[in-house]
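Peer 1: any chance you can model this:
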Amino acid sequence: MRARPNPPARPVGIKDIARALGVSTGTVDRALHDKPGINAGTRQRVLDKAAALGYRPNLAARHLKSRTSIRVAVHLPEEIALFWDSLRDGIREAAAPFAPTLSVEFRNNPRLGEGEVELFEKALASGVNGLIVAPGDPAALEPLSRRAAATRVPIVCVVTDAPTCERLTSVSADPFTVGAVAGELLSRFLPGRGEIAFFTGWLGTEDHAEKLRGFEASLEAEARRADLVSVVEAHDDEQAGYRRALTALDAHPELKGIYVSTVNSLPVLRALERRGRLGKISVVTTDLFPALVPHIRAGHVAATIYQRPVSQGRQALAALYRFLADGTRPPKRIKLIPHVVMRSNLDQLLGRMG
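Peer 2: Take a look at the predicted model:
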């Protein structure tokens, strides 16, 4: 008979620490929250015992008890909504326990790299306490990031980074790794040496440039079993993606593989269908959304690299909130491990995603 798993351990609370030391809960509370009325020796005993028992403060309860209000502005592109809406969902989930004292204000710019400066200026003028942004044009945001730092407004970059800006941290699926995984997969999917194309958004964006760098490094490691003959920038525009995919297919009739490094993969698949080459060219895409699922099931898409946008949103909000609430500084970069999704594990991942 299979043993029943043990239930998860209850989080350690102030009462547990007080019971272990034989002191009052008031003494523990004063020690943990640096309040007066307790001597240094007792305070240290409490802190040591709290650490030994694995005590973690309930930040949500602490912030609700205080009457401090935190306002966070979130600036994300409208296009392509298939990806960015999932990221917004992750931010909302992470913010929910801290309501109503944490207010999250979503503001949208048209697409990555457009309208970012204007939104940033409005947020600073409105007196927000923190910002979550997806920088498409880091150079344009540099002076604003310095202004934010001067007024102690921390910035968290999500999906793509702005390493030259004054920011608290960045949260993303490591773009170099994403590109490298795609390059290795595509090289191995080809029956022999062949020509491949790389579709991206805008190479002026850190995320997109790093994916290309990882992709090329992987091709080199695979002894150039695939030849990169075309790099196409579609700027996350669906019509541009479709037109430029048709042009690339016509220019390279021997094309054997395609990697779409952004979520803008449907226009490329439509172009393949238009030219009668859907299912005849190995395709690796990015992320997972309902319209892509039938293409994976049918074998039109050999694999997709899932960047876990919901997790990115959760971690970005959590990192910013902890810093604003109690000064906990996150690492300079938070890198998530991407997932490779193929027909064989598609249903399992869809089940986890609900």
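
Peer 1: now for the residue nearest to residue 298 when sequence neighbours are not counted: which residues touch it?
Peer 2: Spatial nearest neighbour of residue 298, excluding adjacent residues (CB to CB, 6 or more residues apart in numbering): residue 279 at 7.2 Å. C-beta coordinates here come from the backbone N, C-alpha and C atoms, glycine included. Applying CB atoms under 8 Å, 6 or more residues apart in numbering, we find residue 279 in contact with 298, 299, 300.

Peer 1: chain neighbours aside, what residue packs nearest to residue 138?
Peer 2: In space, and not counting its chain neighbours, residue 138 is closest to residue 162: 3.6 Å by CB to CB, 6+ apart.

Peer 1: three-state assignment of the one you found?
Peer 2: coil (DSSP: H, G, I helix; E, B strand; the rest coil).

Peer 1: count of neighbours near it?
Peer 2: 23 (other CB atoms under 10 Å).

Peer 1: circling back: want to throw the contacts of residue 279 into JSON lines with neighbour count?
Peer 2: Listed next are those as JSON lines, based on neighbours: other CB atoms under 10 Å:
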{"residue": "298", "neighbour count": "11"}
{"residue": "299", "neighbour count": "13"}
{"residue": "300", "neighbour count": "19"}
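
Peer 1: wait, which of these is closest to residue 258?
Peer 2: If you rank those by distance to residue 258 using CB to CB, residue 300 comes first, at 10.9 Å.

Peer 1: check which helix or strand covers the closest one.
Peer 2: For residue 300, there is no enclosing helix or strand under DSSP states H and E.

Peer 1: next one: it from residue 285, what distance?
Peer 2: 10 Å (CB to CB, to the nearest Å).

Peer 1: before we move on, the earlier item: against residue 294, how distant is the residue nearest to residue 298?
Peer 2: From residue 279 to residue 294 the distance is 12 Å (CB to CB).

Peer 1: okay, now the unreliable bits of the stretch 251-354 of the chain?
Peer 2: 354 (pLDDT under 70).

Peer 1: helices of that one, residue ranges please.
Peer 2: 266-274, 293-298, 309-326, 346-353 (DSSP state H, counting those that start in this stretch).

Peer 1: wait, which of the ones you listed is closest to residue 146?
Peer 2: Nearest of those (CB to CB): helix 309-326, 18.2 Å.

Peer 1: could you export the closest one as PDB, CA atoms only?
Peer 2: Provided in PDB are the C-alpha atoms of helix 309-326 (Å, rounded to 0.1, in the frame of the first residue of the first chain):
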ATOM      1  CA  PRO A 309       5.500  35.000 -19.400                       C
ATOM      2  CA  VAL A 310       3.200  34.400 -16.400                       C
ATOM      3  CA  SER A 311       6.200  33.500 -14.300                       C
ATOM      4  CA  GLN A 312       8.100  36.500 -15.600                       C
ATOM      5  CA  GLY A 313       5.200  38.800 -14.500                       C
ATOM      6  CA  ARG A 314       4.900  37.200 -11.100                       C
ATOM      7  CA  GLN A 315       8.700  37.400 -10.400                       C
ATOM      8  CA  ALA A 316       9.000  41.000 -11.600                       C
ATOM      9  CA  LEU A 317       6.200  42.200  -9.300                       C
ATOM     10  CA  ALA A 318       7.500  40.200  -6.400                       C
ATOM     11  CA  ALA A 319      11.000  41.600  -6.800                       C
ATOM     12  CA  LEU A 320       9.800  45.200  -7.000                       C
ATOM     13  CA  TYR A 321       7.400  44.800  -4.100                       C
ATOM     14  CA  ARG A 322       9.900  43.300  -1.700                       C
ATOM     15  CA  PHE A 323      12.300  46.100  -2.400                       C
ATOM     16  CA  LEU A 324       9.700  48.800  -1.800                       C
ATOM     17  CA  ALA A 325       8.200  47.100   1.200                       C
ATOM     18  CA  ASP A 326      11.300  46.200   3.200                       C
END
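
Peer 1: contacting residues around that helix?
Peer 2: By CB under 8 Å, 6+ apart, helix 309-326 touches 57, 59, 62-63, 70, 72, 83-84, 86-95, 98, 102, 104, 129-130, 132, 154, 156, 158-159, 168-169, 171-173, 287, 328-330, 334, 336, 353.

Peer 1: buried residues in it?
Peer 2: The neighbour-count check on helix 309-326 (16 or more other CB atoms under 10 Å) flags 309-321, 323-325 as buried.

Peer 1: burial check on residue 276, number of neighbours?
Peer 2: 9.

Peer 1: domains in the chain, as residue ranges please.
Peer 2: Annotated domains of the chain cover 14-56, 68-172+309-332, 175-308+343-348 [automatic domain parsing].

Peer 1: can I get the helices of the stretch 251-354 of the chain in a markdown table including distance to residue 16?
Peer 2: As requested, these are exported to a markdown table (distance: least, CB to CB, whole Å):
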| stretch | distance to residue 16 |
| --- | --- |
| helix 266-274 | 53 |
| helix 293-298 | 47 |
| helix 309-326 | 21 |
| helix 346-353 | 33 |
